[in-house]
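Visitor: structure for the following, please:
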Amino acid sequence: MLGAFRSALATPDLRRKILFTLGIVVVYRLGATLPAPGVSFANVKKCAAAVDQQGIYQLINLFSGGALLQLSIFALGIMPYITASIIIQLLTVVIPRFEQLKKEGQGGQNKLTQYTRYLTIALAILQSTGVVALATRGQLFPNCQDPVIPEQGTFNLIVLVVTMTAGTGVIMWLGEIITEKGIGNGMSILIFTGIAARIPAEGSNIWTKGPLTFTAICLVGLAIIASVVFVEQGQRRIPVQYAKRMIGRRMYGGTSTYLPLKVNQAGVIPVIFASSLLYLPDLVSRLAGSSTTPSGWQRFVQTYLSQQSSWVHILAYFALIIFFTYFYVGITFNPDERADEMKKFGGFIPGIRPGRPTSEYLKFVLGRITLPGSIYLGIIAILPNMFLDITGQGQNQNFPFGGTAVLIMVGVGLDTVKQIESQLMQRNYEGFLR
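Guide: Modelled structure (predicted):
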């Protein structure tokens, strides 16, 4: 692997792409540390040190690499773009116009990308307004009395919202130019960077508990990462045979291939869906305001749903992940469409008749592999909840080798390595996998 990296850096154009990507990553991290105008940096640092990071803004803070709790110009991170992409992808199922654009090739895809950008800006305005509202009302840092926004005039708050929204637009642009001129998927690289930026601080907190605890958690983390890599690479290969066809004077077909169905067909999307839905009651409870005598549903939310170590929260989280895995796989993989495509080009599964029997067989196989895939996602996602007290920090400490973070980091790492390997193989170099 070191030889492959050396070969990659020795290739001028590939080295230029890697250095360009690293430069954009540095710009992104600098923007994540610059406080937005009107924010008291000293008070933010003081309040962020004592805040409970397991609350409503945990997911956004994860994707922003801690920029949310610093109220920086990149405070929202890439989360608005992720949400917009998911919404557009779901709308392609229910809106015929979007479905038609998806089938039109590159031109239709460019149109959907433009819609995603517009929706990202709209969501960034809503999310930045919500974050600023929580900050001004003292609910972003509930245990801190120091004002993080000293001047709370209308103009200052509008400038703060516009700055955070513009920061999201800049992040979106940075991700797109990485995809165009760098190496790997730009948005995924930025997400990977934001998550990886938190590992040193979390590792330092674990080290303070003693070398034995640190070593034990590192060993558990390596085992979890190895398991995630194994499952992420796992797939069911359904053999497909194409019949020979005479077109003009040439014979086509007669080849054997396979249809790969991944064990984790849905990726990390069900975890994001479940997290967002489960934090919605907490958000409503916070926006409803606090009083000396909270209502019954507010007490239930604060006691069970907001506490990630609660078994009610863990079981609800696990069940939602399984549900959204089946839901997302059902709307993104259409067995009827795949069966029609194979029939159109003369393909068939050995032992299965083309058409409806092929579609039913694909549904059967997909249902069989989606169950273990959903259980795997649920187990990995609830690991931080199960190990909240492993370092003695309670809910102020994240378990660094579980949940959304490890799923995204492993997935992005594998994808980036494969892209570098493909670039090397085009230049007759030996790849990473020997």
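Visitor: I'd like the next helix or strand past the host helix or strand of V26.
Guide: With secondary structure defined by DSSP states H and E, V26 is part of helix 12-33. Next along the chain after helix 12-33, taking DSSP H and E as the criterion, comes helix 41-48.
Visitor: now do that next one: everything it contacts.
Guide: Contact partners of helix 41-48, identified using C-beta atoms under 8 Å, 6 or more residues apart in numbering, comprise P35, L69, Q70, L71, F141, N143, C144, D146, P147, V148, P150. In this view, the C-beta of every residue, glycine as well, is placed from N, C-alpha and C.
Visitor: can you pick out the most distant pair from the residues you listed?
Guide: Greatest spacing in the contacts of helix 41-48, by C-beta to C-beta: P35 and N143 (20.3 Å).
Visitor: now do stretch 175-191: distance from first to last residue.
Guide: 10 Å (C-alpha to C-alpha, to the nearest Å).
Visitor: Three-state assignment for P260, please.
Guide: Following DSSP: H, G, I helix; E, B strand; the rest coil, P260 is assigned to strand.
Visitor: going forward can the numbers begin at 37, since that is how I track them
Guide: Fine by me, first position is 37 from now on; the one you just mentioned is P296.
Visitor: would you confirm that it contacts R272?
Guide: Yes - between P296 and R272 there is a contact under C-beta atoms under 8 Å: 7.5 Å.
Visitor: pick out whichever of the two has more residues nearby.
Guide: R272 (15 against 10; other C-beta atoms under 10 Å).
Visitor: just to be sure, that one is in a helix?
Guide: No - counting by three-state DSSP, R272 is not part of a helix but strand.
Visitor: if we go by neighbour counts, what in the helix holding V62 is buried?
Guide: L50, K53, I54, T57, I60, V61, Y64, R65, G67, A68 (16 or more other C-beta atoms under 10 Å).
Visitor: one more: stretch 118-137?
Guide: I118, T119, A120, S121, I122, I124, Q125, L126, T128, F134, L137.
Visitor: tell me the gap between that stretch and the middle of its chain.
Guide: Mean-position distance between stretch 118-137 and its chain equals 18 Å (C-alpha atoms, centre = their mean, to the nearest Å).
Visitor: strands along the stretch 287-436 of the chain, start to end?
Guide: 292-298, 383-384 (DSSP state E, counting those that start in this stretch).
Visitor: can you put those strands in TSV and add mean pLDDT and distance to K81?
Guide: Putting these into TSV (pLDDT from 0 to 100; distance: least, C-beta to C-beta, whole Å) gives the following:
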stretch	mean pLDDT	distance to K81
strand 292-298	85	43
strand 383-384	84	60
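Visitor: can you tell me which of those is most buried?
Guide: strand 383-384 (a mean of 20; mean count of other C-beta atoms under 10 Å).
Visitor: show me what it is packed against.
Guide: strand 271-278 (3 or more C-beta pairs under 8 Å, 6 or more residues apart in numbering; DSSP states H and E).
Visitor: quick one: low-confidence residue ranges for the stretch 37-186 of the chain.
Guide: 37-41, 84-102, 174-175, 178-179 (pLDDT under 70).
Visitor: 90 instead?
Guide: 37-54, 65-149, 162-186 (pLDDT under 90).
Visitor: helices along that one, start to end?
Guide: In the stretch 37-186 of the chain, the segments counted as helices under DSSP state H, counting those that start in this stretch are 38-46, 48-69, 77-84, 94-99, 115-130, 132-139, 142-172.
Visitor: for A252, find the nearest of these.
Guide: Proximity to A252 (C-beta to C-beta) singles out helix 94-99 among those, at 23.8 Å.
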